[in-house]
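1. Any chance you could fold what I've pasted below:
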Amino acid sequence: MAESFSWDRVVKQSEEGVAPTEPVSPPPVEAPSQETTSSASGWHEGEIRLEVQSNEGAQAAAEPHYRPAPIPAEVHTMKLNTSKFDISEETSKNSTYQATVDAKPIGSTHLDEIVREAVERRASDIHFTVGLPPMARVDGEIMSLPYEVLSQEDTRRLVYDILTDEHIQTFENSHELDFSYGITGLSRFRVNVFMQRDSVAAALRAIPTKIPTFEQLGLPPVIRDLTNRHSGLILVTGPTGSGKSTTIATMIDDINSNRGGHIVTIEDPIEYLHGHKKCIVNQRELHSDTFSFHNALRAVLREDPDIILVGELRDLETIEAALTLAETGHLVFGTLHTRNAPATIDRIVDVFPSDQQEQIRVLLGNTLEAVVSQQLLPRLGGGRVASLEIMIGVSAVKNLIREGKTHQMYSVIETNSNIGMQTMDRSLADLFRRGACSYEECLMRCVDKETFTRLAKGG
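-> Next up is the predicted model:
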């Protein structure tokens with residue numbers, strides 16, 4: 001089979017100053033005839049003779065059978081451009097996005113103006129990245145805003161316009177930055193700035209200035225009942241963008257409005273702002289107010305807290321500190337990115353070394369008050385609606401945690417529906433039967449398709 005032509009090989013050899021060569025087949029050698037045999041007198045004519053040669057002799061013998069291949073003319077004139085690519089130009093050429101006819105020029109537009117327009121369209125998230133116009137997530141779907149495609153210079157200017165000198169220094173050192181940002185009279189935003197393909201990009205998550213009520217969120221009464229607890233661990237879990245922060249903010253605000261105490265929140269960054277109502281509220285932001293969740297939790301015992309919010313249970317030290325605080329008589333709220341109650345218990349236990357897991361199961365079983373797992377689905381007719389899995393820390397649940405039998409939790413949840421417990425599949429089936437969400441959307445989000453299908457049919 002002929003050897004395939006490789007531009008990579010030609011260019012590499014050209015760069016090294018070596019003339020490319022290609023093998024030329026030597027003249028065919030006739031196979032010896034059946035009559036050709038060796039005799040005592042020596043080798044007969046026509047036979048293949050094998051001899052040992054020196055390097056020089058071997059080279060001389062091979063020389064006639066190989067010749068330099070002609071170098072293509074275009075290689076002689078080829079100039080390799082090793083300069084840095086223009087990322088925005090390359091991205092734009094490769095992008096399939098076509099700007100709308102009414103696209104507004106970016107020019108000197110300030111980021112606030114773009115964000116205001118996105119919020120008017122009910123955007124929950126706004127994205128700035130090279131090769132696309134500003135993008136917004138509305139009711140869970142990504143859509144473009146009516147602006148020109150962003151260049152590398154556009155994204156850098158838009159983002160840097162809202163950064164402080166300290167932010168810029170942090171970002172240029174680590175290429176990652178999280179902070180909160182507010183626009184007067186509009187909203188606050190959780191901002192993540194990052195690098196992608198050597199250009200600046202950013203994602204903004206809108207945080208309403210007014211904390212919604214349980215009724216506005218459509219949360220069942222059992223969620224409000226959890227705020228009456230005075231100690232233990234309450235976990236709100238779900239994927240990114242599922243409304244965890246909003247649910248916890250509503251619960252914290254309910255406590256703040258109805259009983260006295262000291263609330264300490266540790267967040268990255270601070271999202272909802274809580275005023276002093278019946279409680280003292282101190283909100284600490286990672287990096288600006290404390291160096292880590294673990295450090296803040298270690299210090300919080302000296303701050304006389306009653307209620308503690310840990311923005312995210314990220315690592316072993318943070319989880320261990322939260323469990324200890326819950327065990328010592330504090331009400332602790334925390335979040336995880338798990339999708340259901342059994343997975344939440346497994347995630348916490350699995351963080352610890354195997355020789356500590358039994359002890360952690362006991363501690364978790366003693367302190368857990370509830371796991372609320374949620375996800376947001378597109379509502380038929382517009383907007384989004386929450387689907388909730390709710391597991392209360394009754395004695396049967398606590399025993400399963402201690403024994404490591406998380407696979408049996410769904411049967412306990414189902415048999416305790418009278419106190420407000422429900423599985424994710426039942427919640428999804430209820431949304432479908434009420435006409436809030438499509439069957440296909442609910443089926444895609446369920447834990448077990450067979451169970452969901454049965455419940456959706458009224459089983």
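2. check contacts around Arg156.
-> 199-200 (CB atoms under 8 Å, 6 or more residues apart in numbering). (Each C-beta comes from the backbone N, C-alpha and C, glycine too.)
3. again, 6 Å this time
-> Val200 (CB atoms under 6 Å, 6 or more residues apart in numbering).
4. isn't there a strand covering it?
-> No: under DSSP: H, G, I helix; E, B strand; the rest coil, Arg156 sits outside any strand and is assigned helix.
5. what ranges do the strands span in the stretch 101-250 of the chain?
-> 123-128, 135-138, 141-144, 176-183, 187-196, 199-207, 232-237 (DSSP state E, counting those that start in this stretch).
6. which one of the ones you listed lies closest to His407?
-> strand 232-237 (17.8 Å; CB to CB).
7. strands paired with that closest one, and their directions?
-> Paired neighbours of strand 232-237 in the sheet (DSSP bridges): strand 331-336 (parallel), strand 368-378 (parallel).
8. which residues touch Val119?
-> Contacts of Val119 (CB under 6 Å, 6+ apart): 186-187.
9. neighbours of Ile270, just the number please.
-> The local packing of Ile270 (other CB atoms under 10 Å) involves 21 other residues.
10. measure it to Ala249 for me?
-> For Ile270, the distance to Ala249 equals 11 Å [CB to CB, to the nearest Å].
11. which one of the strands of the stretch 101-250 of the chain is the most hemmed in?
-> strand 232-237 (a mean of 24; mean count of other CB atoms under 10 Å).
12. what mean pLDDT would you report for it?
-> Strand 232-237 comes out with an average pLDDT of 99.
13. Hmm, Ala203 is touching Phe128, no?
-> No: contact criterion CB atoms under 6 Å: Ala203 and Phe128 do not qualify, at 7.9 Å.
14. which residue sits closest to Ile345, ignoring its sequence neighbours?
-> Nearest residue to Ile345 in three dimensions, chain neighbours excluded: Thr406, at 5.0 Å (CB to CB, 6 or more residues apart in numbering).
15. Flag the shaky bits of the stretch 201-350 of the chain, pLDDT-wise.
-> For the stretch 201-350 of the chain, no stretch is flagged by pLDDT under 70.
16. which residue sits closest to the most centrally placed residue in the chain, ignoring its sequence neighbours?
-> Centrality entry for the chain: nearest residue to the mean C-alpha point is Thr240, 7.4 Å, by CA atoms, centre = their mean. Distance criterion CB to CB, 6+ apart; nearest residue to Thr240, sequence neighbours excluded, is His337 at 6.7 Å.
17. What of Ile280?
-> His262 (4.7 Å).
18. mind listing the strands for the stretch 351-459 of the chain?
-> Applying DSSP E, counting those that start in this stretch to the stretch 351-459 of the chain gives strands spanning 368-378, 384-392.
19. So for Glu414, which of those sits nearest?
-> Minimum separation from Glu414 across those (CB to CB) falls at strand 384-392, 10.8 Å.
20. What angle do strand 123-128 and that closest one make with each other?
-> Angle, strand 384-392 to strand 123-128, by axes from the mean of the first three to the mean of the last three CA atoms, to 10 degrees: 110 degrees.
21. by contact count, what packs against strand 384-392?
-> For strand 384-392, the packing partners by 3 or more CB pairs under 6 Å, 6 or more residues apart in numbering; DSSP states H and E come out as strand 368-378, helix 424-433.
22. quick one: average pLDDT of it?
-> For strand 384-392, the mean pLDDT works out to 98.
23. Give me the buried positions along it.
-> The neighbour-count check on strand 384-392 (16 or more other CB atoms under 10 Å) flags 384-392 as buried.
24. which among those gets closest to Asp448?
-> Nearest member of these to Asp448, counting by CB to CB, is Glu389, at 12.2 Å.
25. ok, the closest one to Asp346 distance?
-> Taken as CB to CB, the span from Glu389 to Asp346 is 14 Å.
26. same check, this time on Thr423
-> In this view, Thr423 and Asp346 are 16 Å apart by CB to CB.
27. Just want to know which of these two has more residues nearby.
-> It is Thr423, of Thr423 and Asp346, that has more neighbours when counted by other CB under 10 Å, with 27 against 15.
28. For the closest residue to Glu141 other than its chain neighbours, the count of nearby residues, please.
-> What sits nearest to Glu141 in space, not counting adjacent residues and going by CB to CB, 6+ apart, is Pro378, at 7.4 Å. By other CB under 10 Å, 16 other residues sit near Pro378.
29. okay but Pro378 is in contact with Gly140, surely?
-> Yes: counting by CB under 6 Å, Gly140 is a contact partner of Pro378 at 5.1 Å.
30. Between these two, which contacts overlap?
-> With CB under 6 Å, 6+ apart as the test, Pro378 and Gly140 both reach Arg384.
31. C-terminal to the helix or strand harbouring Leu297, what's the next element?
-> Assigned by DSSP states H and E, Leu297 belongs to helix 293-300. Going down the chain from helix 293-300, the next helix or strand is strand 307-310, by DSSP H and E.
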